[in-house]
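# okay, predicted coordinates and the sequence, questions at the end:
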Amino acid sequence: MSKIAILGAMIEEIEPLLSHMDNIKEVNYANNIFYEASFKGKDVVVAYSKIGKVFSSLTATLLIEKFRCDKLLFSGVAGAVSSDLKIGDLVIADGLCQHDLDITAFGHPHGYVPEGEVCIPTDVRLREIAKDIAKTKSIELKEGIIATGDQFVACSDRKNWVKDTFNAHALEMEGASVAVVCNALNIPFFILRAISDTADGSADIDFDTFLASSAKVSAEFILEMVEKI
Ligand code: ADE
């Protein structure tokens, strides 16, 4: 039977998932807790990685290689880059890039290193499932590029640079690193984010204010997806 990994970066992003799970068993590994559980008869493993590209790569790898998950869904919050996105809106990544990866000194484009790709696409089938759910439930779902970096962006200049350089709709700190791992290991993956802030001067205050409510919006949508997979 399929085993679905559900990953967040912060405890606040997975708490609204765990509260709906049955038969939870905690496994401690690599300074982290992995929650093996079932949801409506499906086997899942839920974890939060801690913030950033390194921790999220580690946790995604373990979910696949140690816990043998064969699909990965990411649930969490993001800063809006596109002016269409408001706090609480849901956005799915069609592709992910690393906005802080920079060897432009050698003539390469931003986000590129040799043998890598600037933008890694997410699984089309999982995106279709999400769009079907959104349609049935009349939930507005935006789709676009999500840019990832090891920086909390709280500055309009940086946000606009990310928008112009990568055509990004939203930004966060884990999606592209999870994408690199899943792509390399051939695991279908899906990245969902609900907007917590607009990545400008008030981002820190908005993030603290809306983290829990936006994380819940994302988690509830992910649970609908688990049912349909
Ligand atoms: N996640 C949520 N908001 C963010 C921001 N402004 N920058 C980076 N990651 C985020």
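In hand now; what should we look at?

# let me see the contact set for the residue lying closest to residue 50 once chain neighbours are set aside.
Nearest residue to residue 50, sequence neighbours excluded (CB to CB, 6 or more residues apart in numbering): residue 9, at 6.8 Å. Every C-beta, even on glycine, is put in place using the N, C-alpha and C of the backbone. Shown in contact with residue 9 (CB atoms under 8 Å, 6 or more residues apart in numbering): 48, 49, 50, 51, 52, 55, 56, 76, 172, 173, 174.

# secondary structure element for the residue in the chain that the ligand sits nearest to?
Closest to the ligand within the chain is residue 79: 2.9 Å, counting by CB to the nearest ligand atom. Using DSSP states H and E, residue 79 maps to strand 71-80.

# what do you get for residue 84?
Per DSSP H and E, there is no helix or strand for residue 84.

# my read: it touches residue 142, true?
Yes - the criterion here is CB atoms under 8 Å, and residue 84 meets it with residue 142 at 6.6 Å.

# about what we covered before: helices or strands up against the helix or strand following the strand holding residue 79?
As assigned by DSSP H and E, the chain's next helix or strand after strand 71-80 is strand 90-98. When contacts are defined as 3 or more CB pairs under 8 Å, 6 or more residues apart in numbering; DSSP states H and E, strand 90-98 sits against strand 120-121, helix 124-136, strand 141-148, strand 168-172, helix 175-184, strand 189-197, helix 203-228.

# as a markdown table, the ones you listed with distance to the ligand would be great.
Output for those, formatted as a markdown table (distance: least, CB to the nearest ligand atom, whole Å):
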| stretch | distance to the ligand |
| --- | --- |
| strand 120-121 | 18 |
| helix 124-136 | 20 |
| strand 141-148 | 8 |
| strand 168-172 | 4 |
| helix 175-184 | 10 |
| strand 189-197 | 5 |
| helix 203-228 | 4 |
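
# could you dump these to CSV with mean pLDDT?
Shown next, in CSV, are those (pLDDT from 0 to 100):
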stretch, mean pLDDT
strand 120-121, 98
helix 124-136, 98
strand 141-148, 98
strand 168-172, 98
helix 175-184, 98
strand 189-197, 98
helix 203-228, 98
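
# which among the ones you listed is found nearest to residue 65?
For residue 65, the closest of these is helix 175-184, at 9.5 Å, according to CB to CB.

# just the buried positions in the closest one, please.
Using 16 or more other CB atoms under 10 Å as the test for burial, helix 175-184 gives 175, 176, 177, 178, 179, 180, 181, 182, 183.

# now do the same contact list for the closest residue in space to the fourth one that isn't next to it in sequence.
Translated: residue 178. Spatially, and ignoring its direct neighbours in sequence, residue 178 is nearest to residue 60 (4.6 Å; CB to CB, 6+ apart). Residues near residue 60 by CB under 8 Å, 6+ apart: 5, 7, 49, 72, 177, 178, 181, 182.

# could you identify the most distant pair in the residues you listed?
Every pair of those checked by CB to CB; the farthest is 5 and 177, at 14.4 Å.

# which one among the buried residues of helix 175-184 gets closest to residue 17?
In terms of CB to CB, no member of these lies closer to residue 17 than residue 178, at 16.1 Å.

# verify the stated contact: residue 82 with residue 164.
No - taking contacts as CB under 8 Å, residue 82 lies outside contact range of residue 164: 12.0 Å.

# and these two? which has more neighbours close in?
Between residue 82 and residue 164, residue 82 has the larger neighbour count (other CB atoms under 10 Å), namely 17 against 10.
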